[in-house]
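1. Sequence and predicted structure, then a few things I'm wondering about:
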Amino acid sequence: MQTYRADLHIHTVLSPCGDLDMSPRYIVDLAKARNLDIIAITDHNSTLHGPLARRLATPLGIKVLFGAEVTTREEAHCVCLFDTEEQRQAFQAFIDDNLPNLPNNPDKFGYQVVVDENDEILQEVEPLLISALKSSVGDVQAKVHELNGLFIPAHVDRPRYSLISQLGFIPPDLRFDALEIFRNTDPSEFLALHSYLKNPTLIKNSDAHFPDQLGEPYTKYLLESPTFEEIAKALHRQDGREVLL
């Protein structure tokens, strides 16, 4: 077993609130410089930058998970993670089918651009990616697990765009794989405050929108190797794999 450092919630320039320096190339370079072993690209309601980030990161020995930070119908943010290109494409199709066709206003919200390995713009995404999907949190969770992905409600203790801020609680029948808590949150205090939760796995990620945020914080995982399957085992505390928060 070995300890791996992971940041599973990172935004690129594709997210309208993402800094224009946050290209997949620059993110991968930063991850290497900050000794991260595993990262996930999780733009708002989009998976489009995942493949490029993986292609750039693989030669550097960094594992990249495909993902998106989905905004549900309740306006709660949830991190959805996948391993294969087939899963990514299927989830992107689900997002496209459920994202309202509201045009982005770059002057108000920021640019939404897909870039190549040289940071050249390939495409500007027109629908506003920070819109809420037509799907409920339960619908999103069901789709993620149908595709054998990982479903992690994001920054659940934040006062905006979290399950607790939007619903007042975390639904007891929601099948999440872990809960993401805010960087400054004490895990024991969070669990004491929400004692109805049955010993969930808690993780921390950066939710980075700017370069200086990437990897601050990260979570350590005790794994045999840095794979999607091993991360899933750690989140579920299986076969000696662990999350070391």
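-> Received the coordinates, thanks. Everything numeric in this text was worked out from a predicted model, so none of it was measured.
2. For this protein, just list every one of the strands.
-> Under the criterion DSSP state E, the chain contains strands at 2-10, 38-44, 63-71, 77-82, 113-115, 121-124, 150-153, 179-180, 202-203, 219-223, 242-244.
3. would CSV of these with distance to S136 and mean pLDDT be doable?
-> C-betas here are computed from N, CA, C, even on glycine. Formatted as CSV, the strands of the chain follow (distance: least, C-beta to C-beta, whole Å; pLDDT from 0 to 100):
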stretch, distance to S136, mean pLDDT
strand 2-10, 21, 98
strand 38-44, 18, 98
strand 63-71, 11, 98
strand 77-82, 11, 98
strand 113-115, 28, 97
strand 121-124, 29, 94
strand 150-153, 13, 98
strand 179-180, 18, 98
strand 202-203, 23, 98
strand 219-223, 27, 98
strand 242-244, 27, 97
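4. chain center to stretch 108-123: distance?
-> 19 Å (C-alpha atoms, centre = their mean, to the nearest Å).
5. in this structure, which spans are helices?
-> 24-33, 50-57, 85-98, 106-109, 137-146, 163-167, 187-193, 228-235 (DSSP state H).
6. Which of those helices sits closest to E126?
-> E126 lies closest, by C-beta to C-beta, to one member of the helices of the chain: helix 106-109, at 10.3 Å.
7. how far is the lowest-mean-pLDDT helix or strand in the chain from where the chain is centred?
-> Ranked by mean pLDDT, DSSP states H and E, the helix or strand of the chain with the weakest confidence is helix 106-109, at a mean of 91. Mean-position distance between helix 106-109 and its chain equals 23 Å (C-alpha atoms, centre = their mean).
8. quick one: contacts of it?
-> 16-17, 112, 128, 130 (C-beta atoms under 8 Å, 6 or more residues apart in numbering).
9. And these, which of them are buried?
-> 16, 112, 128, 130 (16 or more other C-beta atoms under 10 Å).
10. Next, work out how far apart the third one and Q213 are.
-> What it means is L128. According to C-beta to C-beta, to the nearest Å, L128 and Q213 sit 23 Å apart.
11. quick one: E146 and Q87, what's the gap?
-> With C-beta to C-beta as the criterion, E146 and Q87 are 10 Å apart.
12. more crowded one of the two?
-> Taking other C-beta atoms under 10 Å, E146 and Q87 do not tie; Q87 has more neighbours (19 against 11).
13. Let me see the contact set for the more buried one.
-> When contacts are counted by C-beta under 8 Å, 6+ apart, Q87 touches 66, 147-149.
14. which one of these sits closest to I121?
-> Distances from I121 to the contacts of Q87, taken by C-beta to C-beta, are shortest for F66, at 21.2 Å.
15. So in terms of bridging, what pairs with that closest one?
-> Beta-bridge partners of F66, counted by DSSP bridges, are I41, F82.
16. Pull the number of nearby residues for it.
-> F66: 27 neighbours (other C-beta under 10 Å).
17. and if you look at F182?
-> With other C-beta under 10 Å as criterion, F182 counts 17.
18. how about it, what does it touch?
-> 155, 157-158, 204.
19. Quick check, pLDDT for it.
-> Per-residue pLDDT puts F182 at 94.
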